[in-house]
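K.L.:
For reference, the sequence and a predicted model appear below.
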Amino acid sequence: MSLIKIKWTSRLGKAHAIDAKAGTESAILELCENAGLELPHGCRVGVCGSCRVQVVEGEELLSERSFLESDTLERHRDGAEIRLACRATLRDVSATAKTTKSLVLVQAPEAIFEDE
Ligand code: FES
C-alpha cells in the first residue's frame, strides 16, 4: 500500500501533516485522529458539515462523493473543491504509484446555509 501525506491547515493557519495508507476504508477524519490530529467535526456521519475541508491538491487521491456527502455539501452551497473529512476516504493508488503522494487540505470557510 502506498503512503499518502495528508497536510491539513486550520482557518487560523496552523498546519499539520500525517502519513496515511492509501486504500483503507477509514475516512480522512478517522485517519487523522488515529495519527493524533484532531480535525473539527460534529456528527461523524456526513450530515452536519462541521468537518468540511477544501482540497487544494490531491483530489484524485480521494474516493468519489457519496449521495449523502453530495447532499450535505449542496446544502452548504459548496463547490467541487470541498469534501467532508468524515466521509471521504483515500483511494488505493498502489497500482499506479509507489512514491508518497500529497493530499493538501484546508479547513473550509464558514458554511452558508440555504435558509440564510
Ligand atoms: S462530522 Fe458531520 S458531516 Fe462530517
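P.N.:
It's in. Computed from a predicted structure; not experimentally measured. Numbers count the residues shown, from 1 in each chain.
K.L.:
who's in contact with residue 56?
P.N.:
Residues near residue 56 by Cβ atoms under 8 Å, 6 or more residues apart in numbering: 81, 104, 105, 106. The way it works is simple: take the backbone N, C-alpha and C, and place the C-beta from them, glycine included.
K.L.:
got the residue ranges for the helices in the chain?
P.N.:
Using DSSP state H, the helices found in the chain span residues 28-34, 67-75.
K.L.:
could I have the last one exported to PDB, CA atoms only?
P.N.:
It stands for helix 67-75. Extracted C-alpha coordinates of helix 67-75, given in PDB (Å, rounded to 0.1, in the frame of the first residue of the first chain):
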ATOM      1  CA  PHE A  67     -25.000  10.700  -2.400                       C
ATOM      2  CA  LEU A  68     -25.100  11.800   1.300                       C
ATOM      3  CA  GLU A  69     -21.900  13.800   1.000                       C
ATOM      4  CA  SER A  70     -23.100  15.500  -2.100                       C
ATOM      5  CA  ASP A  71     -26.400  16.400  -0.500                       C
ATOM      6  CA  THR A  72     -24.700  17.800   2.600                       C
ATOM      7  CA  LEU A  73     -22.300  19.900   0.500                       C
ATOM      8  CA  GLU A  74     -25.100  21.200  -1.700                       C
ATOM      9  CA  ARG A  75     -26.900  22.400   1.400                       C
END
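K.L.:
Mind giving me the packing neighbours of it?
P.N.:
Applying 3 or more Cβ pairs under 8 Å, 6 or more residues apart in numbering; DSSP states H and E, one finds that helix 67-75 contacts strand 82-84.
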